[in-house]
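Engineer: I need the structure of the sequence given here:
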Amino acid sequence: MPISVSAIRHSSLLIAAKNPNYSLRKYLLFSTYSSIAAEQFLIHLGKDQTHVEKTLNTVKAKLDSLCVAQVVERCAIDKPQLGIRFFIWAGLHPNHRHTSYMYNKACKLLDVEQNPRIIVDVIDGYMAEGFVVSIKMFKVVLNLCRAAKDAKLGLWVLRKMKEFNCRPDTVSYNLVIRLLVEKSQLDEALGLMREMGLIDLYPDMVTYVSIIKGFCDAGRLEDAFGLIKLMKGHGCVANAVVYSTILDGICTHGNLDMASELLCGMEKEDGDCKPNVVTYTTMIKGFVEKGRAKEALKILDRMDDSRIKPNIVTFAAILDGLCKQGHVEEACGVVNRFSEGGGGVENDELYSLLVMSLMRAGKKNESENIFNKMMARGMRPNGLASSNIIRTMVLEGRVMDGFLVFDALEKSGNLVAVHSDVYSNLLAGLCEENRFVEAARIVSVMVEGRIRLKSTCAENIIERLNICGECDLANEVASINR
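Structural biologist: Residues are numbered from 1 along each chain as shown. Down below sits the predicted model:
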């Protein structure tokens, strides 16, 4: 009897599963599922490894992200340098551009983070062949360095560009500067920025914001302010993004009075320097984190004066701060004030935020009272608030209270947002208390909504139902996860 190709593939996969050899398993997986385009590129890559790019240019196959990933994965097994060269070539293809995801994936497949030497070998290979490497090719390499988070390698590549008579541009410098900042090598980043001026390049907003943020994160506020002055001297005007970055640094490492002065200065400015919702939210978070949540209320007033609407992040910050610091009345006042208009958040969402802020502050009774008022007024609490109210009730042994909330949410058509684990916990609690009529309601909703039961709960629930003679319900519960 002839053996089919599918049978061979199936047996190969079984062998690979038993064999601990990772490379072989990778190869078998690739050979089974690789695209025709990827196979064509691989065939050409195997022909002439000294003029890779010329060979690849002759391939007419369609190049896309899936194809690139498959070729790189196969090359990673025994020809990682070819994988890098293919990836660089593919990044300049007229019909394809690498995404951040692809850079991270290639970096992981080729293990660049653990083996940076592979990049060095590829660059040295270009040099040995006398290959003309363009600035666009170097940018692909620098983006791989960024994906690998290797500042040392990125700096080496930047320096190597000169040996290829390739003049780095602002984008190239920015890539390395950001890497240095992420590694807290701020003086080296500042040195690179100064170096740009020596070759008639001008730092742009990306350059300045990267280093300013680094200085602020490190608490070097004077250096950050000094860089703003330097920006102005180079004709690069600081905007709300820059000032918000500094404001965040002052709130974290400096004092709030200085931050308030900066905010006042911004409010007097025109155009791009005026504070936005991010600026004000940063200031509010600063007051909250220093235990001065009531003073943050004044920032809300200033937002109103500037006709800037608070967003969900703004409200979450101030409500959390007020509730945790014991100012529940003030928190309720904020919600009442902005529910009448003037906020950038819907009423249902605003009250749901208050429910969660009270819950996080350990004020469960107050949280439940607000939730009940919402339900009584026909409002629709969000999924997070509803789920946490029911979950807390079940944990406290108030299973029937939890069921009544569940029932009310179902009748109001607002059950869809409730988290799936709540169903499992509530069902388990009802069965434990022999509330089988209510349990049957939960099961019915789960079956209709195709909501799976937590595996950790399923066995105990079914066992409990069988012991209590509820065999039909036990069978229905068992069917949920089939």
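Engineer: from here on, contacts and neighbour counts on C-alpha atoms
Structural biologist: Fine.
Engineer: tell me how far the residue nearest the centre of the chain lies from L144.
Structural biologist: By Cα atoms, centre = their mean, the chain has its centre lying nearest to Y101, at 12.0 Å. Note on Y101: its distance to L144, by Cα to Cα, to the nearest Å, is 11 Å.
Engineer: same question for G333.
Structural biologist: G333 is 51 Å from L144, by Cα to Cα.
Engineer: which helices and strands does the helix or strand hosting the residue nearest to the centre of the chain pack with?
Structural biologist: Taking DSSP states H and E as the criterion, Y101 maps to helix 100-109. If contacts are counted by 3 or more Cα pairs under 8 Å, 6 or more residues apart in numbering; DSSP states H and E, helix 100-109 sits against helix 65-78, helix 135-147.
Engineer: quick one: average pLDDT of that helix?
Structural biologist: On average, the pLDDT along helix 100-109 is 96.
Engineer: swap in stretch 170-183?
Structural biologist: 97.
Engineer: and that stretch, what's buried?
Structural biologist: Across stretch 170-183, burial judged by 16 or more other Cα atoms under 10 Å covers S172, Y173, N174, L175, V176, I177, R178, L179, L180, V181, E182.
Engineer: got the CA coordinates for it in PDB?
Structural biologist: The C-alpha trace of stretch 170-183 is given here as PDB (Å, rounded to 0.1, in the frame of the first residue of the first chain):
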ATOM      1  CA  THR A 170      19.200  62.800  12.400                       C
ATOM      2  CA  VAL A 171      17.000  59.600  12.500                       C
ATOM      3  CA  SER A 172      20.100  57.400  12.800                       C
ATOM      4  CA  TYR A 173      21.400  59.500  15.700                       C
ATOM      5  CA  ASN A 174      18.000  59.600  17.300                       C
ATOM      6  CA  LEU A 175      17.800  55.800  17.300                       C
ATOM      7  CA  VAL A 176      21.100  55.500  19.200                       C
ATOM      8  CA  ILE A 177      20.300  58.400  21.500                       C
ATOM      9  CA  ARG A 178      17.000  56.700  22.600                       C
ATOM     10  CA  LEU A 179      18.900  53.500  23.200                       C
ATOM     11  CA  LEU A 180      21.400  55.300  25.400                       C
ATOM     12  CA  VAL A 181      18.600  57.100  27.300                       C
ATOM     13  CA  GLU A 182      16.800  53.800  28.000                       C
ATOM     14  CA  LYS A 183      20.100  52.500  29.500                       C
END
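Engineer: how far does it sit from the chain's center?
Structural biologist: 21 Å (Cα atoms, centre = their mean, to the nearest Å).
Engineer: my read: C471 touches L465, true?
Structural biologist: Yes. Under the criterion of Cα atoms under 8 Å, C471 makes contact with L465 at 6.4 Å.
Engineer: the two: which is more packed in?
Structural biologist: Using other Cα atoms under 10 Å, the more surrounded residue of C471 and L465 is L465, with 20 against 15.
Engineer: residue contacts, that one?
Structural biologist: Neighbouring residues of L465 by Cα atoms under 8 Å, 6 or more residues apart in numbering: C431, C471, L473, A474.
Engineer: can you say which of those residues are buried?
Structural biologist: Judged by 16+ other Cα under 10 Å, buried ones among these: C431, L473, A474.
Engineer: quick one: which of those residues sit in strands?
Structural biologist: Residues of the buried ones among the contacts of L465 located in strands (DSSP state E): none.
Engineer: in JSON lines: those residues, plus pLDDT.
Structural biologist: Putting these into JSON lines (pLDDT from 0 to 100) gives the following:
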{"residue": "C431", "pLDDT": "95"}
{"residue": "L473", "pLDDT": "92"}
{"residue": "A474", "pLDDT": "92"}
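Engineer: just those residues now: which is nearest P80?
Structural biologist: Here the nearest of those to P80, counting by Cα to Cα, is A474; it sits at 55.2 Å.
Engineer: ok, and the closest non-adjacent residue to that closest one?
Structural biologist: Excluding its sequence neighbours, the residue lying closest to A474 (Cα to Cα, 6 or more residues apart in numbering) is I462, at 5.0 Å.
Engineer: separation between that neighbour and V477?
Structural biologist: Counting by Cα to Cα, the gap from I462 to V477 is 7 Å.
Engineer: more neighbours: which of those two?
Structural biologist: V477 (26 against 21).
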